[in-house]
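Q: A predicted structure for the sequence below; I have some questions about it.
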Amino acid sequence: MRNPLSVQHLIMKTNIVLVLLLCASASLAAKVFHVTSAKGTYKMSYWEAHQACGIMGAHLATQAELEELRQTNFSLCACGWTLDKTAWFPMTTAVDGCGDAPGLHQCYWQDHWDAWCYKGDSIGDCTTALGIESGKIDPSQIYATSEYKHTFLIFFSNIWSAQVARLHNKDMVNAWIPAHHHRRDQHMEVDLEKPTAVTGILTQGASRYNVKMWVTKYLIKFSKDGHNYKTVQEGGIDKKFDGNVDNDGLKRNMFPEPVLARYIQIQPLEYHNRIALRIELLGCDLEVYEAAQAMSRDIVVTNVGGEEKPPSADVFLTGEK
C-alpha cells in the first residue's frame, strides 16, 4: 500500500508552486493547471475534481478558459473535468491518439477524469467556490428585491426566486427572475454570514418556455453591515461587468481587488429578453486571505532567472490504492 502525501504537505507544496509561478510572471497565461489524483489517472468524479481544486484555493476551469490556455501554445494529452461538467484536453498540433488535430477535444467514454483547475489573480488560495452551487449556502442566505411568480391552471404557481439561482441548477424553475425586470434598481443578494474575502463571480442565464434569457451587464455591490454599500470599482469608476452571451454558458469575472464583505449584491443593468441569473461566488475565509497577505510580504523569490526551474504545476491529491 502506498504512503500518500499528507494533506498538509500537499497544501504547502501547492502554495509554493503557485507563489513561484505567479511571482515569476504576473501575466502568466497558465492560471489553468492540470491535477491528477494520487489514486491514479482518471480517478475523479466531477464533484471530486471540484473538491480537488478547492483544496488548493482554486476552482474548476471553464471550457473557454481551457481554450485560452491552449491559445498560449499549451498542449496536454490528458482529460480533465471542467466547470461545464464535461471533460476535455487541449492540443496545438496533430498527434496520433490525441485527437489527431489541433483544438479542444472532448472526453466522453467514462465518468471519471483528472481536473483542470483555475486560479485567479487574487492573493493566496482565494478562488474557491463559496457554496452556492453545492448548497453550503442556505436558501435563507439568498434573497432579492422581487421575484417573478407565474400562476397557471389557477391552483399551481412557480416562483423564480433568488434561492434557486444556483449555478448549474437544471430544475424547471432554476434561476432568479425579478418581477420588475425593466427596472435597474433590481438586485439579488447573498449573505455570507461573516466577513469573507470575495474575489470573483460566475454567472449563467436561464430559459423559460423556450425563451432564452440572460444578463449582459451588471454591477457588484458589497457591505460589511448590510446598511452601507459600496460598488466594486476599477480606476475610480464603478465597474460594469460583462455578463453572459447565452442562457446556459458560464461567464467568470474576477474582481479588480478582493472584496472584504459579508453581503454581496448583484445588480443587473442590461439583459437579453429578461433578467435571469444563476450564480456562484468565489473567494475564501478572511483568515485564509489575511494569512496569504502576511506570507506574501515575507516571500523573497531567489530563483527566478536562475538555473533552477520552478516545480511543475501538477499536484497530487491524497489517496490509497
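A: Okay, I see it.
Q: Distance of G135 relative to V164?
A: In this view, G135 and V164 are 11 Å apart by CB to CB, to the nearest Å. The C-beta positions use only the backbone N, C-alpha and C, and glycine is treated the same way.
Q: Tell me which of those two has more neighbours.
A: V164 (19 against 9; other CB atoms under 10 Å).
Q: Now do the SS call for E48.
A: Classification of E48 using DSSP: H, G, I helix; E, B strand; the rest coil returns helix.
Q: What are the neighbouring residues in contact with it?
A: Taking CB atoms under 8 Å, 6 or more residues apart in numbering, we find E48 in contact with S37.
Q: I132 versus that one, what's the distance?
A: Distance, E48 to I132, using CB to CB: 19 Å.
Q: Kindly report the same for A294.
A: As for A294, its distance to I132 is 29 Å (criterion: CB to CB).
Q: Comparing the two, which residue is more hemmed in?
A: Using other CB under 10 Å as the criterion, A294 and I132 rank with I132 on top: 21 against 10.
Q: and the residue nearest the centre of the chain, what is it in contact with?
A: Nearest residue to the geometric centre of the chain (CA atoms, centre = their mean): H59, 5.1 Å. Counting by CB under 8 Å, 6+ apart, H59 touches 53, 83, 117-119, 127-129, 282.
Q: give me the low-pLDDT residue ranges for this protein?
A: 1-30, 121-124, 151-157, 295-321 (pLDDT under 70).
Q: can you pull out the helices in it?
A: For the chain, the helices defined by DSSP state H occupy 7-24, 46-55, 63-70, 286-298.
Q: Chain neighbours aside, what residue packs nearest to E234?
A: Nearest non-adjacent residue to E234, counting by CB to CB, 6 or more residues apart in numbering: P256, 4.6 Å away.
Q: Likewise for K221?
A: Among residues not flanking K221 along the chain, Q265 sits closest, at 4.1 Å (CB to CB, 6+ apart).
Q: ok, what's across the strand from that neighbour?
A: With beta bridges defined as DSSP bridges, Q265 has these partners: E189, K221.
Q: Near it, how many residues? Count them for me, please.
A: Residues near Q265, counting by other CB under 10 Å, number 19.
Q: same thing with the one 10 residues further on?
A: By the criterion of other CB under 10 Å, I275 has 30 neighbours.
Q: That one is in contact with M213, isn't it?
A: Yes: counting by CB atoms under 8 Å, M213 is a contact partner of I275 at 7.1 Å.
Q: quick one: common contacting residues for the two?
A: Taking CB under 8 Å, 6+ apart as the contact rule, I275 and M213 both touch I177.
Q: what does the domain assignment say about the chain?
A: Using automatic domain parsing, the domain parsing of the chain gives 7-124+297-317, 129-285.
Q: List just the nearest of the contacts of H59 to M172.
A: Of all the contacts of H59, M172 sits closest to L83, with 22.6 Å by CB to CB.
Q: residues touching the residue nearest to W81 when sequence neighbours are not counted, list them.
A: Once flanking residues are discounted, W81 sits nearest to A49: 4.0 Å by CB to CB, 6+ apart. Under the criterion of CB under 8 Å, 6+ apart, the neighbours of A49 are 35, 60, 80-81, 113-115.
Q: Recalculate using a threshold of 10 Å.
A: When contacts are counted by CB atoms under 10 Å, 6 or more residues apart in numbering, A49 touches 35, 37, 43, 60, 80-83, 85, 87, 112-117, 317.
Q: Give me the buried subset of these.
A: Buried members of these, counted by 16 or more other CB atoms under 10 Å: 35, 37, 43, 60, 80-83, 87, 112-117, 317.
Q: Out of those, the closest to K239 would be?
A: Using CB to CB, those come closest to K239 at L83, 22.6 Å.
Q: Against Y46, how distant is the residue lying closest to that closest one once chain neighbours are set aside?
A: Among residues not flanking L83 along the chain, L60 sits closest, at 4.1 Å (CB to CB, 6+ apart). In this view, L60 and Y46 are 8 Å apart by CB to CB.
Q: Equivalent analysis for A52, please.
A: Per CB to CB, A52 is found 11 Å from Y46.
Q: Return every residue with contacts to both of those two.
A: Any residue near both A52 and Y46 by CB under 10 Å, 6+ apart counts here, and that gives 60, 81, 115.
Q: State the distance spanning the first to the last residue of stretch 64-76.
A: One end of stretch 64-76 to the other measures 16 Å (CA to CA, to the nearest Å).
Q: Contacts for that stretch, please.
A: Contact partners of stretch 64-76, identified using CB under 10 Å, 6+ apart, comprise 28-34, 61-62, 80, 82-84, 88-93, 95, 98-99, 102-104, 114, 116-118, 249-252, 314.
Q: Can you give me the buried ones in it?
A: Neighbour-count burial for stretch 64-76 flags 65-70, 74-76 (criterion: 16+ other CB under 10 Å).
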